[in-house]
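>>> Okay, structure incoming, though there's no sequence with it:
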């Protein structure tokens, strides 16, 4: 435990009792969606986790304090402040904490704080990865290195489709990060259920996934696991449409000189714009779907 960390009473009670807890990120609140959908989605996702027998722990930094578990009022603070909140990965944590600022946590930072709190399962939308053109830009998300070293399972709809999925897949393989598909042989690509990449293992029940996680960590094999959960079919978008829209968004990013951690929020906002809001609906529904699976996995994991 760190003196910089505050665990909410509900999360602390659940952890002390050995009950399932699911971590949630806050970048999706401040940088992933507009107000008020961001706050509404964050609260809806927490509700889904509770309905499935687990305690939600939305993670963020408020006034320099690492938070595992937010109140509705604290969610609203991040949601209304939007992109003015610092987007925090591993490198940003000491600056934001030392300067007592607010921070919205990425996958990497959420994993770090979840591990500090003793939370083993985390639900998000999609992980970061190797960006298209990384062979010249070297733009690779810190999420991948965190997955290589931090013992938190990440339930997601695969890697964001704005990324180079093949290179992301190779990077994870190099660092020994398993990609477990939930009832799928293919790596889902966020808005779409399929891609041209496979998963390492296809497991069909939350209990099987919990067994996999328990065995991995009992063997002393540090690092996370990507649990790839395809977006529900009724909310999936066609690959042809998404590929076209992403190509357009990437061209706009290059024209504007947008790089680094500004890239993903910009690209996602452009995809929302060019799909007339349809991708935002897909984004919300896939996060809710991941939250349900994460709660079920966390429940089985606590029984091991």
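Great, that's in hand. Owing to the predicted nature of the structure, the values given are computational and were not obtained by experimental measurement.
>>> Which positions in the strand or helix carrying residue 94 come out as buried?
Secondary structure assignment for residue 94, by DSSP states H and E: helix 93-98. Using 16 or more other CB atoms under 10 Å as the burial criterion, the residues of helix 93-98 that qualify are 93, 96-97. Glycine gets a C-beta too; all of them are placed from N, C-alpha and C.
>>> before we move on, what about stretch 256-267?
Buried-residue list, stretch 256-267, by 16+ other CB under 10 Å: 258, 261, 263-267.
>>> tally of neighbours for the residue nearest to residue 24 when sequence neighbours are not counted?
Leaving aside its sequence neighbours, residue 24 sits nearest to residue 58 (CB to CB, 6 or more residues apart in numbering; 4.4 Å). Look at residue 58: counted by other CB atoms under 10 Å, it has 29 neighbours.
>>> Surely residue 58 and residue 27 touch.
No. Counting by CB atoms under 8 Å, residue 58 does not reach residue 27; the two are 11.1 Å apart.
>>> List just the nearest of the buried residues of helix 93-98 to residue 121.
residue 93 (21.1 Å; CB to CB).
>>> State the pLDDT value of the closest residue to that closest one other than its chain neighbours.
Residue nearest to residue 93 in three dimensions, not counting chain neighbours: residue 109, with 6.0 Å by CB to CB, 6+ apart. Looking at residue 109, its pLDDT stands at 98.
>>> returning to what we had before: so the residue nearest to residue 24 lies in a strand, does it not?
Yes. Looking at residue 58 with DSSP: H, G, I helix; E, B strand; the rest coil, it is inside a strand.
>>> Local confidence estimate at it?
pLDDT, read off for residue 58, is 98.
>>> Check the spacing between it and residue 123 real quick.
10 Å (CB to CB, to the nearest Å).
>>> residues in contact with residue 182?
Counting by CB atoms under 8 Å, 6 or more residues apart in numbering, residue 182 makes contact with 203-204, 209, 227-230, 293.
>>> Could you measure from it over to residue 263?
Taken as CB to CB, the span from residue 182 to residue 263 is 28 Å.
>>> again with residue 41
Residue 41 is 22 Å from residue 263, by CB to CB.
>>> quick one: residue 116 is in a helix?
Yes. Residue 116: assigned to a helix according to three-state DSSP.
>>> just checking, what packs against whichever helix or strand residue 49 is part of?
In the assignment (DSSP H and E), residue 49 maps to helix 37-51. Judged by 3 or more CB pairs under 8 Å, 6 or more residues apart in numbering; DSSP states H and E, helix 37-51 is in contact with strand 21-24, strand 55-62, helix 72-81, helix 278-301.
>>> which of the residues in the longest one are buried?
In terms of neighbour count (16+ other CB under 10 Å), helix 278-301 has its buried residues at 278-280, 282-301.
>>> Understood, closing this out.
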